[in-house]
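Peer 1: sequence-free structure coming up:
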Ligand SMILES: O=C(O)CCC(=O)C(=O)O
Ligand SMILES: [Fe+2]
């Protein structure tokens, strides 16, 4: 019998996010109009080549969007054949990245998958949490075709505060250009670049199966780290798990919008706050996962500030310190990384300091509103 859902309707007394909340750090992966040097990106510099995929260079427009409307999400992972016959045809090579999270796949072309193969992709990614597919052609397709491919997995999220390729607001861009000096300025103020988060958790229906594909990257460095948040839940004692069940947390877009304004960037949609359960259940696997993150979670509903900060700090440290439930994904030309944003956290790495360009596109299908199923022991 399916477990009963726990009601997670937001209480009526959500206060606006407080600045200075525990764990929050400014993100560094995205430049903004102030840092963007179009000429260098198109033509290169004395030491750096031009951008390999100029059609994906960021643009920022004044166009704004109304608040997102709720929609019915169907998770294709639920329809998948768990033996993955259409995903892994002849010639596919699948290797686990670690004992607890991640796989690397060669010999599969994502853009050529039929619908059954896409269903199996959703399930496989939900099970492995993050999968690096090598030698992909996604970046070479017309952007409209890449968007059509991603749209199978859910309604496209239009990011409220990121640059996008001209005419394609559905694509979120991670971009540091040639000769960028972010690293030098970032480490004046910070000892490390750890920014664990799950994407846009402030939305009422945050993303599920999510895609990042590299366009240009440093020869070494700029890896992305992923953590298995279902395993992070399982690591906790039953007593602690029980305490987390029934708790809800406020997630906020306000700080990200402010940071975008500071960079001279856009705020395409008014920032929102939403309340989600601290433990959510995956619709296809039934796994429970911790669902708070230092970039967007602000407060445990009903706790006083010190109580909330203490619990959130513990959960953030638990994620960041548990190297035994993390994988570090190295980018290579043609890599597409697919992860399940509901049951993972991730963090970019700022460790290259020689002005090499890093340019990555994200396709971000939204999924169901997070829900909780009861503690099972
Ligand atoms: O730059 C990265 O490695 C990750 C960026 C990121 O967190 C994202 O686009 O969701
Ligand atoms: Fe992210």
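Peer 2: Received the coordinates, thanks. Here the structure is a predicted model, which is why all the values come from computation and not from measurement. Ligands and ions are numbered 1, 2, ... in the order given.
Peer 1: quick one: contacts for the residue nearest to residue 247 when sequence neighbours are not counted?
Peer 2: Closest residue in space to residue 247, ignoring its immediate chain neighbours: residue 278 at 4.2 Å, by Cβ to Cβ, 6 or more residues apart in numbering. All C-beta atoms are positioned from the backbone trio N, CA, C, and that covers glycine. Neighbour list for residue 278: 244, 245, 247, 248, 249, 290, 291, 292, 300, 315 [criterion: Cβ atoms under 8 Å, 6 or more residues apart in numbering].
Peer 1: Can you tell me how far residue 278 is from residue 248?
Peer 2: For residue 278, the distance to residue 248 (Cβ to Cβ, to the nearest Å) stands at 7 Å.
Peer 1: Now the common contact residues for those two.
Peer 2: Residues touching both residue 278 and residue 248 (Cβ under 8 Å, 6+ apart) are residue 300.
Peer 1: Run a quick neighbour tally on residue 283.
Peer 2: Using other Cβ atoms under 10 Å, residue 283 has 17 other residues around it.
Peer 1: and what of residue 116?
Peer 2: Residue 116: 16 surrounding residues under other Cβ under 10 Å.
Peer 1: Wait, a helix at it?
Peer 2: Yes. Assignment of residue 116 by DSSP: H, G, I helix; E, B strand; the rest coil places it within a helix.
Peer 1: separation between it and residue 165?
Peer 2: Distance of residue 116 to residue 165, given as Cβ to Cβ: 30 Å.
Peer 1: and what of residue 299?
Peer 2: Distance, residue 299 to residue 165, by Cβ to Cβ: 35 Å.
Peer 1: of the two, who's got more company?
Peer 2: Between residue 299 and residue 165, residue 299 has the larger neighbour count (other Cβ under 10 Å), namely 26 against 20.
Peer 1: Shouldn't the more buried one be within a strand?
Peer 2: Yes. Counting by three-state DSSP, residue 299 is located in a strand.
Peer 1: Quick check: it touching residue 247?
Peer 2: No. In this structure, residue 299 is not within contact of residue 247 by Cβ atoms under 8 Å, at 10.8 Å.
Peer 1: how many neighbours does the residue of the stretch 251-377 of the chain found nearest ligand 1 have?
Peer 2: Of all residues in the stretch 251-377 of the chain, the one sitting closest to ligand 1 is residue 348 (3.2 Å; Cβ to the nearest ligand atom). Look at residue 348: counted by other Cβ under 10 Å, it has 21 neighbours.
Peer 1: same deal with the one 3 residues further on?
Peer 2: Summarising burial for residue 351: neighbours were counted as other Cβ under 10 Å, giving 13.
Peer 1: ok, now residue 28?
Peer 2: Using other Cβ under 10 Å: residue 28 sits among 18 other residues.
Peer 1: In contact with it, which residues?
Peer 2: 176, 182, 186, 193, 195, 348, 350.
Peer 1: Now do it against residue 171, distance only.
Peer 2: 20 Å.
Peer 1: ranges for the strands of the stretch 51-200 of the chain?
Peer 2: Per DSSP state E, counting those that start in this stretch, the stretch 51-200 of the chain carries strands over the ranges 93-96, 103-106, 130-133, 171-176.
Peer 1: Out of these, which gets nearest to residue 156?
Peer 2: Of all the strands of the stretch 51-200 of the chain, the one in closest proximity to residue 156, counting by Cβ to Cβ, is strand 171-176 (8.7 Å).
Peer 1: Mind giving me the packing neighbours of the closest one?
Peer 2: helix 143-151, strand 358-363 (3 or more Cβ pairs under 8 Å, 6 or more residues apart in numbering; DSSP states H and E).
Peer 1: I'd like those laid out as CSV, including distance to ligand 1 and mean pLDDT.
Peer 2: Shown next, in CSV, are those (distance: least, Cβ to the nearest ligand atom, whole Å; pLDDT from 0 to 100):
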stretch, distance to ligand 1, mean pLDDT
helix 143-151, 14, 98
strand 358-363, 5, 98
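Peer 1: can you list these in a markdown table and add mean neighbour count?
Peer 2: Output for the helices and strands packed on strand 171-176, formatted as a markdown table (neighbours: other Cβ atoms under 10 Å):
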| stretch | mean neighbour count |
| --- | --- |
| helix 143-151 | 17 |
| strand 358-363 | 24 |
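Peer 1: okay if I get those as JSON lines plus distance to residue 130?
Peer 2: Shown next, in JSON lines, are the helices and strands packed on strand 171-176 (distance: least, Cβ to Cβ, whole Å):
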{"stretch": "helix 143-151", "distance to residue 130": "16"}
{"stretch": "strand 358-363", "distance to residue 130": "14"}
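Peer 1: just to revisit the earlier point, now, the most widely separated pair of the contacts of residue 28?
Peer 2: Farthest-apart pair in those is 176 and 195; separation 14.1 Å (Cβ to Cβ).
Peer 1: neighbour count winner among the two?
Peer 2: Each of residue 176 and residue 195 has its neighbours counted (other Cβ under 10 Å); residue 176 has more, 27 against 24.
Peer 1: Chain neighbours aside, what residue packs nearest to residue 131?
Peer 2: Sequence neighbours aside, residue 103 is the residue nearest to residue 131 in space, at 4.8 Å (criterion: Cβ to Cβ, 6+ apart).
Peer 1: Correct me if wrong: the one you found contacts residue 96.
Peer 2: Yes. Contact criterion Cβ under 8 Å: residue 103 and residue 96 qualify, at 5.5 Å.
Peer 1: Please identify every residue contacting each of those two.
Peer 2: Residues touching both residue 103 and residue 96 (Cβ under 8 Å, 6+ apart): residue 128.
Peer 1: More neighbours: which of those two?
Peer 2: More crowded of residue 103 and residue 96, by other Cβ under 10 Å: residue 103, with 20 against 12.
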